[in-house]
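Colleague: A predicted structure for the sequence below; I have some questions about it.
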Amino acid sequence: MPKGYKYLADIVIIFISFALALFSYWQILNVALTPEDFEWISKVNTLSATNLFKVFLPPVLGGVEVMLHRVTPFVSLSFWLDWKIGGANPFYYHMTQLLFHMGIIFLLYRLAKKLFIKSPKAVYQIVVSSSVFFFAVFPFHSETVSWNGARPDMVVAFFYLLSLYFYIRFLESKIRYLFPSAIFFAIAIFSKENAITLPVVAILFGIYLQKKVYWSSLLPFLIVVLFWIFNYIFLNPHDEGCTLSCQQFLISRVFLIYLTVSVLLLPFLKALRFEETGRLLFYWLIFGVLFSPTIFLPTSERYLYLSSIALSLFFGEALVVFYKRISKYLPITTTRVILVSIVSLIILLEAGFLYVRNKRWVVAGTIIDNVLKQTAIYTEDSNDNSNLYFLNLPNGYQKSFVFQGKAFDQMLKLAGIKFRTAHVIAYNLDVGNSKVRIIDDQTILLSSETPFIISPSEKPHYNHQGNQVIETAFYYGIFSNDSLDIQINLKQQSLKSDNSYVFYFDGTELREIK
């Protein structure tokens, strides 16, 4: 094959991959930012170039605490750059997400070219491109790419794949690639903890590609892991209320258990020659390793993003096995046509499904935009001493996030709305479950399956059974554990003073209680 043609094939495949991703995600580029996005923005938007180094320091040393006592410097840097370039314009934040996704697509293409190099020449380009296309429009990437709160999942996947790519170059007897591999691993693990699985993946790839384990090559990775554990335990103290961080610390022990078990299984894995269906088993094993850190976490689409890299390679290897089976009975040209037809159908179905799934984020963003615009209209005469009360704001819409997050007040400020305090009571987990009934001109009844409060000045309280008890100072409420109804009497608490505004979301738009 002429050298120029090879480069042309690379360009065409990358171009199609990017086009597929852009087609699937263009509709989310202007979707409104959520309060959880503003949690990141509010921590870095006050930093300048002179004190930007704080994102690299742990909280106990004066660093910027953005995410649950964790140091995530490169995630924070990406949000800082978005803010400096575009302010609160959502386009720049979503474009960063999409650029990370495209960068991962490119790295996956480079990786697939190396891993499928021994595939039959007749289908080599088909297999490589199919793996990349499969990843580019995988439907369950919708949350990760569309929601800026999943930025850590994007950053860790990018640097994880970059580290793995350089490690594979190291396995090709190019020792100079080991150091950059370890550096990128450090960036990945300080972006999100699930990168800690990379040493296990490195061991497995050593067996798969070279039929041996390069134990000495794991030393720089071990140093990075030990430094991360030291930073996590001693430089990032966990308070009792930080339950999620505690869970993640426990899960990190699961990582160590998985690492130990994997090492014990090495003699059996080494005996496996990874031929034909054995190669399928290898990619399935990699998928299991990548997915293992999130097994004990509540189900969420973004936890599948990193592991879907292995799933895409599994798909490519499955095509190789399929080609070898049917090429025994059909001409090569016919077999290639069948393979391309099957892949095209799968990719088109994926792209269509992803496009539909992204629509929910568009709807969620529209709800946020409308609420902010309506709030601005209702509060035209507000001032810095005004109190705002929002009842029944939706947390989500069909599993996409709407008003979930603790930085709703930051969102209001950046929208130019003047107020002293903003109290938010979000009851329903989905717009479709909204139940609001006006009893009279002074009383409103809210119902939901899972009520909870988000308020800058108040924290939810829990009783001895773990049920949440509504205890705030700004309304008189009746909370029933049976019906989960809350009756708010506006008159008794005199919420409607000259300096107060009370709103409720009726399932479609924000309304003011006069």
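Modeller: Everything's here; your move.
Colleague: looking at it, Thr294 is touching Tyr303, isn't it?
Modeller: Yes - the pair Thr294 / Tyr303 is scored as a contact, 3.8 Å apart, by CB atoms under 8 Å. Any C-beta I mention is one placed from the backbone N, CA and C, and that applies to glycine too.
Colleague: When those two are compared, which one has more neighbours?
Modeller: For Thr294 versus Tyr303, neighbours defined as other CB atoms under 10 Å are more numerous around Tyr303 (21 against 17).
Colleague: sorry, back to before: residues that sit against both of Thr294 and Tyr303, list them.
Modeller: Asn194 (CB atoms under 8 Å, 6 or more residues apart in numbering).
Colleague: can you map out the strands along the stretch 301-450 of the chain?
Modeller: With strands called from DSSP state E, counting those that start in this stretch, the stretch 301-450 of the chain shows them at 387-391, 396-397, 400-401, 421-426, 435-440, 443-447.
Colleague: List the strands paired with the third one, with their directions.
Modeller: Strand pairing for strand 400-401, determined by DSSP bridges: strand 396-397 (antiparallel).
Colleague: For the helix or strand containing Phe15, buried residues please.
Modeller: Using DSSP states H and E, Phe15 maps to helix 3-25. Under the neighbour-count criterion of 16 or more other CB atoms under 10 Å, helix 3-25 has Asp10, Ile13, Ile14, Ser17, Phe18, Leu20, Ala21, Ser24, Tyr25 buried.
Colleague: if we take these, which one ends up nearest to Thr508?
Modeller: Tyr25 (26.4 Å; CB to CB).
Colleague: From Arg357, how far out is that closest one?
Modeller: Going from Tyr25 to Arg357 by CB to CB, to the nearest Å gives 11 Å.
Colleague: now do Thr366
Modeller: 16 Å.
Colleague: for Gly288, phi and psi?
Modeller: phi -60, psi -40 (degrees, to the nearest 10).
Colleague: pLDDT score for it?
Modeller: Turning to Gly288, the model gives it a pLDDT of 84.
Colleague: Over to Leu391?
Modeller: 74.
Colleague: That one contacts Leu510, doesn't it?
Modeller: No - using CB under 8 Å, Leu391 makes no contact with Leu510, being 9.9 Å away.
Colleague: what residues are shared contacts of the two?
Modeller: Phe503, Tyr504.
Colleague: Just the CA trace of the helix holding Phe15, in PDB.
Modeller: Output of helix 3-25 as PDB, limited to C-alpha atoms (Å, rounded to 0.1, in the frame of the first residue of the first chain):
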ATOM      1  CA  LYS A   3       2.600   5.600   1.900                       C
ATOM      2  CA  GLY A   4       0.400   8.500   0.800                       C
ATOM      3  CA  TYR A   5      -2.600   6.300   0.700                       C
ATOM      4  CA  LYS A   6      -2.000   5.100   4.200                       C
ATOM      5  CA  TYR A   7      -2.000   8.600   5.500                       C
ATOM      6  CA  LEU A   8      -5.100   9.400   3.500                       C
ATOM      7  CA  ALA A   9      -6.900   6.400   5.100                       C
ATOM      8  CA  ASP A  10      -5.900   7.700   8.500                       C
ATOM      9  CA  ILE A  11      -7.200  11.200   7.700                       C
ATOM     10  CA  VAL A  12     -10.500   9.900   6.300                       C
ATOM     11  CA  ILE A  13     -11.200   7.600   9.300                       C
ATOM     12  CA  ILE A  14     -10.400  10.400  11.800                       C
ATOM     13  CA  PHE A  15     -12.500  12.800   9.800                       C
ATOM     14  CA  ILE A  16     -15.500  10.500   9.800                       C
ATOM     15  CA  SER A  17     -15.100   9.700  13.500                       C
ATOM     16  CA  PHE A  18     -15.100  13.400  14.400                       C
ATOM     17  CA  ALA A  19     -18.000  14.100  12.000                       C
ATOM     18  CA  LEU A  20     -20.100  11.300  13.800                       C
ATOM     19  CA  ALA A  21     -19.300  12.800  17.200                       C
ATOM     20  CA  LEU A  22     -20.100  16.300  16.100                       C
ATOM     21  CA  PHE A  23     -23.400  15.300  14.500                       C
ATOM     22  CA  SER A  24     -24.400  13.500  17.700                       C
ATOM     23  CA  TYR A  25     -23.400  16.300  20.100                       C
END
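Colleague: Which neighbouring elements make contact with whichever helix or strand comes after it?
Modeller: Downstream of helix 3-25, the first helix or strand assigned by DSSP H and E is helix 35-44. The contact analysis (3 or more CB pairs under 8 Å, 6 or more residues apart in numbering; DSSP states H and E) places helix 35-44 against helix 73-86, helix 408-414.
Colleague: Just the residues contacting the longest one, thanks.
Modeller: The reference is to helix 73-86. Outside helix 73-86, the residues within contact range by CB under 8 Å, 6+ apart are 40-41, 43-45, 47, 52, 55-56, 64, 66-67, 92-93, 96, 148, 151-152, 155, 159, 187, 190-191.
Colleague: gap between that helix and the chain center?
Modeller: Mean-position distance between helix 73-86 and its chain equals 16 Å (CA atoms, centre = their mean, to the nearest Å).
Colleague: can you state the direction angle for that helix and helix 35-44?
Modeller: 90 degrees (axes from the mean of the first three to the mean of the last three CA atoms, to 10 degrees).
Colleague: list the buried ones in helix 73-86?
Modeller: So, applying 16+ other CB under 10 Å, buried residues of helix 73-86: Pro73, Phe74, Val75, Ser76, Leu77, Ser78, Phe79, Trp80, Asp82, Trp83.
Colleague: want to try CSV for those, with pLDDT and distance to Met411 as columns?
Modeller: Shown next, in CSV, are those (pLDDT from 0 to 100; distance: CB to CB, whole Å):
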residue, pLDDT, distance to Met411
Pro73, 85, 25
Phe74, 89, 24
Val75, 89, 20
Ser76, 88, 19
Leu77, 90, 22
Ser78, 91, 19
Phe79, 91, 15
Trp80, 91, 18
Asp82, 93, 15
Trp83, 91, 14
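Colleague: Make TSV from the buried residues of helix 3-25 and add distance to Phe287 and pLDDT to it.
Modeller: Formatted as TSV, those follow (distance: CB to CB, whole Å; pLDDT from 0 to 100):
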residue	distance to Phe287	pLDDT
Asp10	26	86
Ile13	23	91
Ile14	24	93
Ser17	21	94
Phe18	25	95
Leu20	22	93
Ala21	21	93
Ser24	22	91
Tyr25	24	93
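Colleague: ok, of these, which one's closest to Val123?
Modeller: Of those, the one sitting nearest to Val123 (CB to CB) turns out to be Ile13, at 13.8 Å.
Colleague: Quick check: the closest one vs Ala351, distance?
Modeller: 16 Å.
Colleague: Run through the stretch 101-250 of the chain and note the low-pLDDT ranges.
Modeller: For the stretch 101-250 of the chain, the stretches flagged by pLDDT under 70 are 232-250.
Colleague: at 80 instead, please
Modeller: Within the stretch 101-250 of the chain, the stretches with pLDDT under 80 are 173-174, 211-213, 228-250.
Colleague: ranges for the helices of it?
Modeller: 124-136, 142-146, 151-171, 178-189, 198-210, 219-234, 243-264 (DSSP state H, counting those that start in this stretch).
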